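**Student:** I need the structure of the sequence given here:
(chains A, B, C and D)
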Protein chains: 4
Amino acid sequence: MCLCLSTRSMASKTPVGFVGLGNMGSPMAKNLLKNGYPVIATDVFPESCKELQDIGAQVVDTPGEVAEKADRILTMLPSSPNVIEVYTGPNGILKKVKKGTLLIDSSTIDPAVSREMAAAAEKMGAVFMDAPVSGGVGAASLAKLTFMVGGVEEEYNAAQELLTCMGANVVYCGPVGTGQAAKICNNMLLAIGMIGTAETMNLGIRLGLDPKLLAKILNMSSGRCWSSDTYNPAPGVMEGVPSANNYQGGFGTTLMAKDLGLAQNTATNTKTPIPLGSLAHQIFRVMCSRGYANKDFSSVFQFLREEEGQ
Amino acid sequence: MCLCLSTRSMASKTPVGFVGLGNMGSPMAKNLLKNGYPVIATDVFPESCKELQDIGAQVVDTPGEVAEKADRILTMLPSSPNVIEVYTGPNGILKKVKKGTLLIDSSTIDPAVSREMAAAAEKMGAVFMDAPVSGGVGAASLAKLTFMVGGVEEEYNAAQELLTCMGANVVYCGPVGTGQAAKICNNMLLAIGMIGTAETMNLGIRLGLDPKLLAKILNMSSGRCWSSDTYNPAPGVMEGVPSANNYQGGFGTTLMAKDLGLAQNTATNTKTPIPLGSLAHQIFRVMCSRGYANKDFSSVFQFLREEEGQ
Amino acid sequence: MCLCLSTRSMASKTPVGFVGLGNMGSPMAKNLLKNGYPVIATDVFPESCKELQDIGAQVVDTPGEVAEKADRILTMLPSSPNVIEVYTGPNGILKKVKKGTLLIDSSTIDPAVSREMAAAAEKMGAVFMDAPVSGGVGAASLAKLTFMVGGVEEEYNAAQELLTCMGANVVYCGPVGTGQAAKICNNMLLAIGMIGTAETMNLGIRLGLDPKLLAKILNMSSGRCWSSDTYNPAPGVMEGVPSANNYQGGFGTTLMAKDLGLAQNTATNTKTPIPLGSLAHQIFRVMCSRGYANKDFSSVFQFLREEEGQ
Amino acid sequence: MCLCLSTRSMASKTPVGFVGLGNMGSPMAKNLLKNGYPVIATDVFPESCKELQDIGAQVVDTPGEVAEKADRILTMLPSSPNVIEVYTGPNGILKKVKKGTLLIDSSTIDPAVSREMAAAAEKMGAVFMDAPVSGGVGAASLAKLTFMVGGVEEEYNAAQELLTCMGANVVYCGPVGTGQAAKICNNMLLAIGMIGTAETMNLGIRLGLDPKLLAKILNMSSGRCWSSDTYNPAPGVMEGVPSANNYQGGFGTTLMAKDLGLAQNTATNTKTPIPLGSLAHQIFRVMCSRGYANKDFSSVFQFLREEEGQ
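**Tutor:** Below is the predicted model of the structure:
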């Protein structure tokens, strides 16, 4: 029904590049393969490429080589410095990128860096979009991620074609950097809601309330939030969430602390007060050095709950 | 279908006492009258009784007189000292209370005071339950309040009979004081969620996101909460909420600050850490002295948003 | 030079009552004995009285008995409920107190409770003053405590006569309750300064500064405070402080958390915003449940410092 | 007594360059002239150079020209981007710098930027040191500034020779960036101490204490800090401080918010928890948008004090 005018998006099933085959990138790249796209991939750790190679991807040595062979490239990297290196480093994508190439970065990074990369790409005649994801490794495997996309609106259809192979929701957010902004905003509010829910469940229990009953009351009232009704941090309230499994799996505290660091930086740079977001950042930071770094972030319930003298 | 064994609850349509005819108490008492209950009422401000008297209530001078004439009594008062005075003061309910009287206090107060009142009532052979409400003046008028009830379980049916005349939801929470605990917990999480939503909407707007789009993204993601999807504090996102009406109406900042004071006190007394709840308390406290006392509590968006140099 | 008109203060060397022979009360009572005052003492734990009895104190069973035998009484108790019990309980001081008795409470409690006790004492014709101390067990032994005294000004000389036997500084603060107010205020600012110093030392060290040099710079600049120049929390900066001794001794985190709870309560009751004081309270509260309850409160440096992944 | 081997420091009274003639830079440059140093100056606002030119400085158009004519250069600029532009911009110092030139930056900026500038300078054969100041415009005029110096130790003597013309204290802190680190640390602790003192004074006054008496008690006790004993924020306690003059003059809230933004960024980057520093940042940030931007930062007392309903 959509008359796609872009030559790139018409040329579907031409190769797609993929840089960054970690816990998230690897299942995402597999979903591209499953959808029939030839994949040209690379990663700084060669062993990460093995599995993908076995199921048909072509593995090359550097991001620059990816750029020589593909005119649509996805990147999925841990943090801002990695993105800067992969795009603008000596073996980076922008050293070899072809004119008109579509670059989609799904890393969660500072929106200011996204804007820098977009400007650098534009100088080379390429187009850069930021498309960070929400949803974890499970959602990545099941192609159920949510992508928040920032960039030039005319290129959005072309990006969407690829992203729908890997996600259930693709949302256009505005100019480049706004995908990151939406991601950072969501995760900041998530962090606040989770700590708030943990404090509230703990206080209620100490005041004599049954945790399941308290959750039920909150969820039918104005205290309701995703952390209370979908991912409750108090053990015994819900099944199938990290709190039912000693806070294993899920979204690690260290990752949440990283995202809150991004929120903090963008808030400082825009002179925006974020009193609760900022305190949430500090709390997850302290948790990281108290042995909670790799537990799910809902373990803040446990962190706050432990009783004195125990 | 329910075989009510309590003589009190069988004796429906016998008089019900009501102490405290303020903004909330007055429409609640009216709903008892509408349901056919004779009402014996009093208030420290005689003029508050006028309207109720005109529609059929019997007005008396003191809570003690109410207790002489009714064996089911509701109280709806501003704060702990008022409750102590109305129950245990020289003209208080407990000075004249009949054995077996059911006392239901819908004030929002410290659960420790509820437990004190229950003990004092028990000495006189009466039963005290706490049943604070959520929902404001509008919900009180429409009999759509939610009651959170704490007290002896055997008396719950008798309480429920009356409370359903005034509310849409009546929830049994456990022993006396747990109604207050549930209310305090809900409002603490509400306060945290509201400030968090305000910070997040403000940050997102400064980072270039459209407020309606940002709310939509949050509401389909893990940042979702009642304050983002039902009562969004950013003007222009929703209709029919205080943020669409310059923060008039709704739930005043000063009332939220009061409830957070209760949360703070119960947390301090139970040695429970509530870092975000405590900071939320401080923020609403500062707002009260900056001209926001009577604005809806979602005006924290405006409080945080104002730009420097303006 | 001072013509003391009070018969009590002229009647020096008449017996002095002492209730509460814990870590602080015991050395204080000894200093009264050393100064030639006969001491009539009691404590809920009879074994606490042994040592004092051996050096000449008369031990009785209840606070009421103390009140029968002495017209000047000091009390040194852990918290508000103990004070209420000792003064107004069934065997309490006020059950047997003689007219004109001077009651001096050195416990650290809520100023509102001090005012209640003063009102109750006045009804019996006695005079109540609050005189909380700063300085720990060491200062108590050496009679180097600081007393902050609240109460009727005309009785201050009589109180001072006794307090100077136990302390180096006795400061008159104003009406009853202001001694507590001064104590609470000092300890709140101390708590803030200590956490602030710990954060600052930790940040500076991570930024490459030598801790001794950083302390020196702070102490010659506007960052200077008691926690940086007299009680530095970073090991290796100073000798003879708890940080030089693995945070043993000193002022326990749990005691600081208690005092901050008092500050929090008085601030809530007076609608006073204390954002940093409140957060300091939460931090020491969390520390109490993380194994720091009995370490000196300067161990917040260690609490914040531990590096991630260790 | 010191045999200076560096040709630069022997060649005293050879010209010194100065970039940035704002409120601070202008009096600093005058003090170099007073000490007999020829000054070659520039500023982006030509009018800023007028006054200095009248008293003998040579004014040139760009930082690059300064670098052609002087082998010792001081820079005093508002923030990191200005420093980057002045050193590495198209007309920047490093475009024309002579080998062996000593570059001293007295701006308060991110230590990471100082290290970048040092690396860039080293590539050109020049030496870069960071030397931020404490003390305001008054101290700058009277040559009473404190300089915190970071950089190669061998060059410290040469830097000290110039800095002692402008300051009373010059402290060597360690490798490049540690001057900034010391400045940031001091100001973070100062901010915490000031807000803490303001909260404490306000709470004490509401509890019935006289402000002068409370300050006296704090200053003889463990609550003592620079903000309580030297720069008390409560009006009526001290003479000659901004609180005695409606918070005019002094150190503006907006400048403190900027320094706390630097502390926040360095803490985030080093994963260091700074709960109180972070909250202090948020408070000064909110104050900036509430009309306090240009008042002295001790006006936080006024911000927190205003009573409800006034």
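**Student:** for the nearest residue to A:Val60 once chain neighbours are set aside, give me its contacts.
**Tutor:** Spatially, and ignoring its direct neighbours in sequence, A:Val60 is nearest to A:Thr42 (5.2 Å; Cβ to Cβ, 6 or more residues apart in numbering or on different chains). C-beta here means a position set from N, CA and C on the backbone, and glycine is covered the same way. By Cβ atoms under 8 Å, 6 or more residues apart in numbering or on different chains, A:Thr42 lies in contact with A:18-19, A:21, A:49, A:59-63, A:65-66.
**Student:** from those, which land in strands?
**Tutor:** Judged by DSSP state E, the subset of the contacts of A:Thr42 located in strands is A:18-19, A:59.
**Student:** domains of chain A?
**Tutor:** Chain A resolves into domains spanning A:7-175, A:182-305 when parsed by automatic domain parsing.
**Student:** distance from the first one to the middle of the chain?
**Tutor:** Just to be clear, that refers to domain A:7-175. On the basis of Cα atoms, centre = their mean, to the nearest Å, domain A:7-175 sits 13 Å off its chain's mean C-alpha point.
**Student:** pLDDT on it, on average?
**Tutor:** On average, the pLDDT along domain A:7-175 is 94.
**Student:** likewise for the shortest one?
**Tutor:** Computed over domain A:182-305, the mean pLDDT rounds to 96.
**Student:** spatially central residue for chain A, please.
**Tutor:** Nearest to the mean C-alpha position of chain A, counting by Cα atoms, centre = their mean, stands A:Val133 at 3.8 Å.
**Student:** who in the stretch 201-310 of chain A is up against chain D?
**Tutor:** A:257, A:261, A:264-265, A:268, A:271-275, A:278-279, A:281-283, A:285-286, A:288-289 (Cβ under 8 Å from any Cβ of the partner chain).
**Student:** among these, which are located in helices?
**Tutor:** Secondary structure from DSSP state H places A:257, A:261, A:264-265, A:268, A:275, A:278-279, A:281-283, A:285-286 of these in helices.
**Student:** in JSON lines, list the residues you listed along with distance to chain B and neighbour count.
**Tutor:** As requested, these are exported to JSON lines (distance: Cβ to the nearest Cβ, whole Å; neighbours: other Cβ atoms under 10 Å in any protein chain shown):
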{"residue": "A:Ala257", "distance to chain B": "15", "neighbour count": "26"}
{"residue": "A:Gly261", "distance to chain B": "14", "neighbour count": "22"}
{"residue": "A:Gln264", "distance to chain B": "10", "neighbour count": "26"}
{"residue": "A:Asn265", "distance to chain B": "11", "neighbour count": "20"}
{"residue": "A:Thr268", "distance to chain B": "11", "neighbour count": "22"}
{"residue": "A:Pro275", "distance to chain B": "6", "neighbour count": "25"}
{"residue": "A:Ser278", "distance to chain B": "9", "neighbour count": "27"}
{"residue": "A:Leu279", "distance to chain B": "6", "neighbour count": "25"}
{"residue": "A:His281", "distance to chain B": "12", "neighbour count": "30"}
{"residue": "A:Gln282", "distance to chain B": "9", "neighbour count": "26"}
{"residue": "A:Ile283", "distance to chain B": "6", "neighbour count": "28"}
{"residue": "A:Arg285", "distance to chain B": "13", "neighbour count": "27"}
{"residue": "A:Val286", "distance to chain B": "10", "neighbour count": "21"}
